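K.L.:
Following is a predicted model, sequence given first.
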Amino acid sequence: MTRKAAIIGGGVIGGGWAARFLLNGWDVAIFDPDPEAPRKIDEVLANAKASLPALSDVPMPPIGRLVFAKTVKDAVQDADYIQESVSEQLALKHRVYADIQANAPDAPLGSSTSGFKPSQLQEGAVNPATIFVAHPFNPVYLLPLAEVVPSPASNPALIERAKDILRDIGMFPLHVRKEIDAHIADRFLEAVWREALWLVKDGIATTEEIDEAIRMGFGLRWGQMGLFETYRIAGGEAGMKHFLEQFGPCLTWPWTKLMDVPEFNDELVDLIAGQSDAQSGHHSIRELERIRDSSLVGFMRALKDRDWGAGRVLNAHDAGRRKAALSGTDAAAAPLTLAHLQVLPGWIDYNGHMTESRYLFAGSETSDAFLRLIGAGMDYVAAGHSYYTAETHIMHLGEAKLGDRLTGSLQVLSADEKRLHVFIRIEKDGAPVATLEQMLLHVDMNAGRACPAAPEVLAHLFKIRDSHAALPRPPATGRHVGQRKG
Ligand SMILES: NC(=O)C1=CN([C@@H]2O[C@H](COP(=O)(O)OP(=O)(O)OC[C@H]3O[C@@H](n4cnc5c(N)ncnc54)[C@H](O)[C@@H]3O)[C@@H](O)[C@H]2O)C=CC1
Ligand SMILES: C[N+](C)(C)CC(=O)CC(=O)[O-]
C-alpha cells in the first residue's frame, strides 16, 4: 500500500525530503508558495535519482507520485507523515502549524528546524503532542541522520511511529533525549563554523585553506568514526585515558575562541563570500552538488562494504527491502532491477567507450546482487557454498560512455537444485547496452563439486523462477556467436 508524505516548504531541505520519500516509494504532496519551487525540486530530484539508487543492492520500490498542492490543506489531506521545512523563523513555523493542524491535527508533524526546541515549536499549537523535531542533513536524500527531538509534551507512541517511518525511508533516527537549542550535531557545526569565521577574519587562513584542513584530514576520520572513538585511538595503546592526560591541559590554553564571535558585518560577509567565489565560483551549485553526491556515494559504499557507520544503516535498509521483495509476489513478477552503475574513467578503452570487460563486470554485479537477494551472499560463501558461473554469452548492443549511468536487470529463465539459468539486461536510460545469458552452478566449495543449494536459498529462488515463468522469453536466449537474428 502506497503511503503519503506531505512536505510543507520545498526549498533545499524540503526538496531533499521529497526526493527521499519518493525514491523510497512514498507518494509526496508539496506545498510551497514560491512559483520557482517545482523547477528547483525537479533539479534536486534529478540529482537524487542519479545518486541514491547507487547505494542500494536490492531493487528500489517504484518511485512514488509527486503532486504540487495549491494549499496546505490539499497537501496534508490523508498524509501519513508531515515534514515542515519552511525558513528558520519561529513565527512563520507557528503560522504554518496552525494551518496544518486545522486540517490534519493527528498526523506526525516533524520539523526540519536546525535550532528551535520542540517546546518552542509547540507553543500555541492545537495539538502540541504531534509536533517534534526531525532535523536532517543536506543532502537529505543521501545522508541518513535525522535528529528526532521530542519535548515532554510529545506523544511517545507517535515519536516511535515517526522513527519507524524514518527508518522505512533509509534514515537513522537519533533520538535526542533532552531538548536543547540546535540539538546535538548543529552545536558541533556551529562551533567549527564560528572558529572558521575568526580564522578568516583574522587573516590566519582563507576559506580554501580551511576546507583543505578539514577534507584532507580530520573530516575523513569523522565520517567513519566520529569524535570519541577517533580520540580513543589517538591515545595509543593506553587509549582515551592517555589521550585525556596528554591533551587535557590544552583546554585551558588559547586553542579556541568559541565564545567570542566576530561581528557579522558586511566587511566579514564580503571577505568570506569573495574568497569562496575565488575558490569555487567556476563550478555551478548543481555541479558542486553532483561532485558532492558522487563522492558521498563512493565513501558510503566503502563504509557499506565494511558494514560500518553510515554503511551499516544502508545494509540494514537493504536487508529490510530484501525481505519485503521476497515476501511480496509483485516484486518478482518482472525482471528484477538489481544493479546501478556509473561508467568510471578507468573503464574507458582506446575507442573512448566502456571497455568490453566492463560489460561482463556489469553483468556480474547484477547476478551477484541476485545471489544476495536469494540469500547466497557473503555469509553463505563464508559457510562454504556458492554459485560459480559456468558459461556466459554477451551481446554488445550499445555504447556506454564516461559518466553514463547503467542499470542491470535479471530474469530467471530456469532453475533447479543445482543450476541457475539467467538473462541479464544492461541498459542506459531504458535503451539496451548489452545482454548476458548466464548459466551458474551451485557448488560445495570445500568438496570442489556441484551440489544442491540450501533449502532456504532454493525457496527464494523457486518463488522468483515460478513468477518469471510468465514472462516472455527474451528472443536472444540461446543465441550463439554469428547466428542470424529472427
Ligand atoms: N539548508 C540547510 O543546510 C539545512 C536547513 N535545515 C532547516 O530546514 C528548514 C528549511 O531550510 P532550507 O530548505 O535551507 O530553506 P530554503 O530557503 O531553501 O527553503 C525554505 C522554503 O520555504 C518556503 N516557504 C516560505 N514560507 C512558506 C509557507 N508559508 N508555506 C510553505 N512554504 C513556505 C520558501 O518558499 C522556500 O522555498 C529550516 O528550518 C532550516 O533550519 C535543516 C538542515 C540543513
Ligand atoms: C547550517 N545549518 C545550521 C543549517 C546546518 C544544518 O542544520 C545541518 C546541515 O545539513 O549541515
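P.N.:
Happy to help now that I have it. Ligands and ions are numbered 1, 2, ... in the order given.

K.L.:
Just the CA trace of stretch 309-329, in CSV.
P.N.:
Extracted in CSV, the C-alpha atoms of stretch 309-329 (Å, rounded to 0.1, in the frame of the first residue of the first chain):
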residue,chain,number,x,y,z
GLY,A,309,28.9,3.7,10.5
ALA,A,310,26.5,5.0,7.9
GLY,A,311,27.2,1.9,5.8
ARG,A,312,25.6,-0.2,8.5
VAL,A,313,22.4,1.8,8.1
LEU,A,314,22.5,1.2,4.4
ASN,A,315,22.9,-2.6,4.9
ALA,A,316,20.1,-2.7,7.4
HIS,A,317,17.8,-0.9,5.0
ASP,A,318,18.8,-3.3,2.1
ALA,A,319,18.1,-6.3,4.4
GLY,A,320,14.5,-4.9,5.1
ARG,A,321,13.9,-4.4,1.4
ARG,A,322,15.3,-7.8,0.5
LYS,A,323,12.8,-9.4,2.9
ALA,A,324,10.0,-7.3,1.5
ALA,A,325,11.0,-8.2,-2.0
LEU,A,326,11.0,-11.9,-1.3
SER,A,327,7.7,-11.9,0.7
GLY,A,328,5.7,-9.9,-1.9
THR,A,329,4.9,-11.6,-5.2
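
K.L.:
Need the contact partners of it.
P.N.:
By CB atoms under 8 Å, 6 or more residues apart in numbering, the residues outside stretch 309-329 that reach it are 55-61, 143-144, 167-168, 170-172, 223-225, 300-305, 307, 331-332, 336, 372-374, 460, 463, 467. In short, each C-beta sits where N, CA and C put it, glycine included.

K.L.:
From the residues you listed, which land in helices?
P.N.:
Per DSSP state H, helices hold the following members of the contacts of stretch 309-329: 167-168, 223-225, 300-305, 372-373, 460, 463, 467.

K.L.:
Mark which of these are buried, thanks.
P.N.:
167-168, 223-224, 300, 303-304, 372-373, 460, 463, 467 (16 or more other CB atoms under 10 Å).

K.L.:
if we can go back for a sec, lowest-confidence entry in the ones in helices among the contacts of stretch 309-329?
P.N.:
The member of the ones in helices among the contacts of stretch 309-329 with the lowest pLDDT is Met225, at 79.

K.L.:
Not counting residues beside it along the chain, what's closest to the closest residue to ligand 2 within the chain?
P.N.:
Closest contact between the chain and ligand 2, by CB to the nearest ligand atom, is at Ser114 (3.3 Å). The shortest distance from Ser114 to any residue other than its chain neighbours is 5.3 Å, reached at Asp186 (CB to CB, 6 or more residues apart in numbering).

K.L.:
how deep is that neighbour tucked in, by neighbour count?
P.N.:
18 (other CB atoms under 10 Å).

K.L.:
That one is in what secondary structure piece?
P.N.:
helix 185-201 (DSSP states H and E).

K.L.:
just to revisit the earlier point, what distance do you get for the residue nearest to Ser114 to Ala196?
P.N.:
15 Å (CB to CB, to the nearest Å).

K.L.:
Name the helix or strand for Ala91, please.
P.N.:
With DSSP H and E as the test, Ala91 turns up in helix 90-103.

K.L.:
Mind listing what's buried along that helix?
P.N.:
93, 96-97, 99-101, 103.

K.L.:
repeat for stretch 360-372
P.N.:
361-372.

K.L.:
hmm, back to that, and the next helix or strand after the helix holding Asp186, what does it pack onto?
P.N.:
Sequence order places helix 207-213 as the next helix or strand after helix 185-201, per DSSP H and E. Secondary-structure packing of helix 207-213 (3 or more CB pairs under 8 Å, 6 or more residues apart in numbering; DSSP states H and E): helix 185-201, helix 266-280.

K.L.:
thinking again about what came up before, so which of the buried ones among the ones in helices among the contacts of stretch 309-329 comes closest to Val381?
P.N.:
Arg372 (10.3 Å; CB to CB).

K.L.:
Tell me how far the closest one lies from Ser414.
P.N.:
Distance from Arg372 to Ser414, by CB to CB: 21 Å.

K.L.:
same deal with His385?
P.N.:
Counting by CB to CB, the gap from His385 to Ser414 is 20 Å.

K.L.:
Compare these two (neighbour count), which wins?
P.N.:
His385 (18 against 12).

K.L.:
That one: what's it in contact with?
P.N.:
When contacts are taken as CB under 8 Å, 6+ apart, His385 is in contact with 376, 442-445, 451, 453-454.

K.L.:
And the one helix or strand Lys323 maps to, what's buried?
P.N.:
Using DSSP H and E, Lys323 falls within helix 310-327. Neighbour-count burial for helix 310-327, counted by 16+ other CB under 10 Å, picks out 310-311, 313-315, 317-318, 321-322, 325-326.

K.L.:
looking only at pLDDT, what's the mean for it?
P.N.:
For helix 310-327, the mean confidence score works out to 82.

K.L.:
Domain ranges for this structure, per the record?
P.N.:
Per automatic domain parsing, the structural domains of the chain span 4-175, 185-282, 328-468.

K.L.:
so where's the chain uncertain?
P.N.:
254, 257, 259-262, 264, 325-332, 485-486 (pLDDT under 70).

K.L.:
Near ligand 2, which residues of it? Just list them.
P.N.:
114, 137-138, 186, 189 (CB under 6 Å from any ligand atom).

K.L.:
If we use 8 Å, what do you get?
P.N.:
Applying CB under 8 Å from any ligand atom, one finds that the chain approaches ligand 2 through 13, 88, 112, 114-115, 135-138, 143, 182, 185-186, 189-190, 193.

K.L.:
Give me the buried subset of these.
P.N.:
13, 112, 114-115, 135-137, 143, 182, 186, 190.

K.L.:
Which pair in the ones in helices among the contacts of stretch 309-329 has the greatest spatial separation?
P.N.:
Met225 and Ser467 (43.2 Å).
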